[in-house]
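> Return a 3D structure for these sequence lines:
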Amino acid sequence: MATAPRSKSLVVLDNSAALGLLLPDERGAESTAHLMAQAPYVQFIAPALWRYEIANALNMALRRGRIEKDDLTWMYAEIKNLDIRVLDDEQSPEVLVRTAQSSGLTGYDAAYLELAVRLNAKLATSDKQLKAAAIASAIELI
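Here you go, the predicted structure:
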């Protein structure tokens, strides 16, 4: 008898974790390998804000000479391979401000925390303050 495929667990992927996979000077060998090993078993999700943060980070990396324009081709492919589901539902400014205030985070980072809390998802981040806020909110980190 065939068993139903196991559903993937949800993991909110923040900008810092994604950049750790992409930017050579931000890659942590152990954390990058761990995150990539998780990819087949999870569904990465992110708030709509993620698109803008990634675009800005890659643009700034180009301007500062951290990457070459040719690097963008494989970086875009890597992002596509991760199959990140960017959620376009608008997060309430009221909820984000409340989350930011209670956690001490910026409004940007509060978007990732709020999404993880709301969807009971794990969180992938390299940001120390966001990690601490996730732990305080009983969100599992990967």
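
> Next, T125: phi, psi?
phi -150, psi 150 (degrees, to the nearest 10).

> what's the closest non-adjacent residue to it?
Leaving aside its chain neighbours, T125 sits nearest to D14 (4.4 Å; criterion: CB to CB, 6 or more residues apart in numbering). Where you see a C-beta, it was placed from the backbone N, CA and C, and this is true even at glycine.

> How much space separates that neighbour from K131?
Counting by CB to CB, to the nearest Å, the gap from D14 to K131 is 10 Å.

> Y41 now?
Distance from Y41 to K131, by CB to CB: 21 Å.

> So those two - more neighbours on which side?
Comparing Y41 with K131 by other CB atoms under 10 Å, the one with more neighbours is K131, at 16 against 10.

> rewinding a little: tell me the residues that contact both of D14 and K131, please.
Shared contacts of D14 and K131, defined by CB atoms under 8 Å, 6 or more residues apart in numbering, are found at L123, T125.

> Just the CA atoms of the longest helix along the chain, as CSV, please.
Ordering each helix of the chain by length in residues (DSSP state H) puts helix 49-63 first. What follows is helix 49-63, C-alpha atoms only, in CSV (Å, rounded to 0.1, in the frame of the first residue of the first chain):
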residue,chain,number,x,y,z
LEU,A,49,9.6,42.3,1.6
TRP,A,50,12.2,39.6,0.9
ARG,A,51,12.3,40.4,-2.9
TYR,A,52,13.3,44.0,-2.2
GLU,A,53,15.8,43.1,0.4
ILE,A,54,17.5,40.6,-1.9
ALA,A,55,17.5,43.0,-4.8
ASN,A,56,19.0,45.8,-2.7
ALA,A,57,21.6,43.5,-1.2
LEU,A,58,22.8,42.2,-4.6
ASN,A,59,22.8,45.8,-6.0
MET,A,60,24.9,47.0,-3.1
ALA,A,61,27.2,44.1,-3.4
LEU,A,62,27.8,45.0,-7.1
ARG,A,63,28.3,48.7,-6.2
